[in-house]
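Visitor: Quick one, structure for this:
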Amino acid sequence: MKLYKDFLGELFPQCERVRKVSLNAGLNCPSFCAYCNNSSFSPAAKTELPVLKQLEAGIRNVRKKNCGILAYFQSYTNTNAPVQKLREIFTPVISNSDVVGLAIGTRPDCLPTDVAELLAELSKIKPVIVEIGIQTANDETLKKINRNHTVQCSRDAALLCKNSGLVTTAHIILGLPGENMSDFINTANLVKDCGFSSIKIHPLHIVKGTRFAEEYQKGKIKLLSFEEYCKAAAEVIRIVSPDIAIERISAESPKELLIAPDWGGDRAKIGDCIGKLLDGNE
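Guide: Coordinates of the predicted model:
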């Protein structure tokens, strides 16, 4: 299994280690998914500081000797704006001497050609990682969760980025309503086929302020158990390894927002269980 730190070491060989600094560009999403409350997964979601002030504060918090800063545009959809506005947001950040590269979180339906060309232009200055939320390879699920894009859109976006010389990370969610192991396998194969460099895997979270919170409380949504999730994640890793780096095997949400599951933040336990499954010990 290829670890994300090894992937970063290949991308940034000049750095002893690389740390992400989360930024909020003040953009929005073209549609809001049934599970999404941005405050539940992005520490910068509520900030009103200008981007460069956020960056300065983040650098102060994580600065260590030989630590490279990966400026992470995490909140919302960070290519959902005209290309000139995106240029004005990204250029000052990538020009910062402490920043070794950009990581830009976005959606497949917000990566038009002119945006990909801008990101490719920036990548000639420093590496740019495009983090694409594909979530699933099931078109019916994408409709149900109000994603408003298709699996083919995910394929097209990944290919456009690859042809533009950009590094890509896939985000997927295991346990979306109605999905089973067959769906998880299809999603893993999509990630592998699209040539992503790394992957973030996490279970469906039910958080306050979302449509899924209402449906869950009415008994309309059944979540994966801890064991079911670990088996699904292990199968995904088997399919995408060793070519694709595993950046994340779970995720956590603030306690004041999280409704379920209650085990998502225990990454050590999840990692141990997945490791045993991959080794054939469970």
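
Visitor: per-residue pLDDT, the nearest residue to C33 once chain neighbours are set aside?
Guide: Excluding the flanking residues, the one nearest C33 by C-beta to C-beta, 6 or more residues apart in numbering is I145, at 5.1 Å. C-beta coordinates here come from the backbone N, C-alpha and C atoms, glycine included. For I145, the pLDDT comes out at 97.

Visitor: show me the contacts for I145.
Guide: Applying C-beta atoms under 8 Å, 6 or more residues apart in numbering to I145 gives the contacts 33-35, 135, 176-177.

Visitor: ok, now which ones touch I172?
Guide: 134-136, 187-188, 191, 199-202, 236.

Visitor: And it, what's its pLDDT?
Guide: Looking at I172, the pLDDT reads 98.

Visitor: Surely it forms part of a strand?
Guide: Yes. Under DSSP: H, G, I helix; E, B strand; the rest coil, I172 sits within a strand.

Visitor: of the contacts of I145, closest to F7?
Guide: Lowest distance from F7 to the contacts of I145 (C-beta to C-beta) belongs to Q135, with 21.3 Å.

Visitor: could you redo the contacts of I172 as a markdown table and give each row pLDDT and neighbour count?
Guide: Shown next, in a markdown table, are the contacts of I172 (pLDDT from 0 to 100; neighbours: other C-beta atoms under 10 Å):
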| residue | pLDDT | neighbour count |
| --- | --- | --- |
| I134 | 97 | 26 |
| Q135 | 98 | 25 |
| T136 | 98 | 23 |
| T187 | 98 | 30 |
| A188 | 98 | 26 |
| V191 | 98 | 27 |
| I199 | 98 | 26 |
| K200 | 98 | 19 |
| I201 | 98 | 27 |
| H202 | 95 | 21 |
| V236 | 98 | 26 |
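
Visitor: Out of those residues, list just those in strands.
Guide: Among the contacts of I172, the members found in strands (DSSP state E) are 134-135, 199-202.

Visitor: could you pull out the helices for the protein?
Guide: 4-11, 51-62, 83-94, 113-123, 139-144, 151-163, 181-193, 211-217, 226-240, 267-279 (DSSP state H).

Visitor: nearest to R248, of the ones you listed?
Guide: It's helix 4-11; of the helices of the chain, that one is closest to R248 (C-beta to C-beta) at 7.7 Å.

Visitor: list the buried ones in the closest one?
Guide: For helix 4-11, burial by neighbour count (16 or more other C-beta atoms under 10 Å) applies to 4, 7-8, 11.

Visitor: same question, stretch 53-65
Guide: Those would be 54-55, 58-59, for stretch 53-65 by 16+ other C-beta under 10 Å.

Visitor: again with stretch 246-266
Guide: So, applying 16+ other C-beta under 10 Å, buried residues of stretch 246-266: 246-247, 249-251, 253, 257-261, 264-265.

Visitor: Max pairwise distance over those: which two?
Guide: Taking C-beta to C-beta, the two most distant members of those are I246 and I259; they sit 26.7 Å apart.

Visitor: Leaving out chain neighbours, which residue sits closest to D6?
Guide: Per C-beta to C-beta, 6+ apart, closest to D6 is A245, 6.7 Å.

Visitor: how close does the one you found get to W263?
Guide: 24 Å (C-beta to C-beta, to the nearest Å).

Visitor: got it, and A170?
Guide: 23 Å.

Visitor: Kindly report the same for G68.
Guide: Distance from G68 to W263, counting by C-beta to C-beta: 32 Å.

Visitor: From the centroid of this protein, which residue is nearest?
Guide: H171 (4.2 Å; C-alpha atoms, centre = their mean).

Visitor: wait, that one sits on T136?
Guide: No. H171 lies out of contact with T136 (C-beta atoms under 8 Å); the separation is 10.4 Å.

Visitor: Take the contacts of I145 and lay them out in TSV including distance to N80.
Guide: Converted to TSV, these look like this (distance: C-beta to C-beta, whole Å):
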residue	distance to N80
C33	14
A34	19
Y35	19
Q135	17
L176	22
P177	26
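
Visitor: and those, which are buried?
Guide: Among these, those buried by neighbour count (16+ other C-beta under 10 Å) are 33-35, 135, 176-177.
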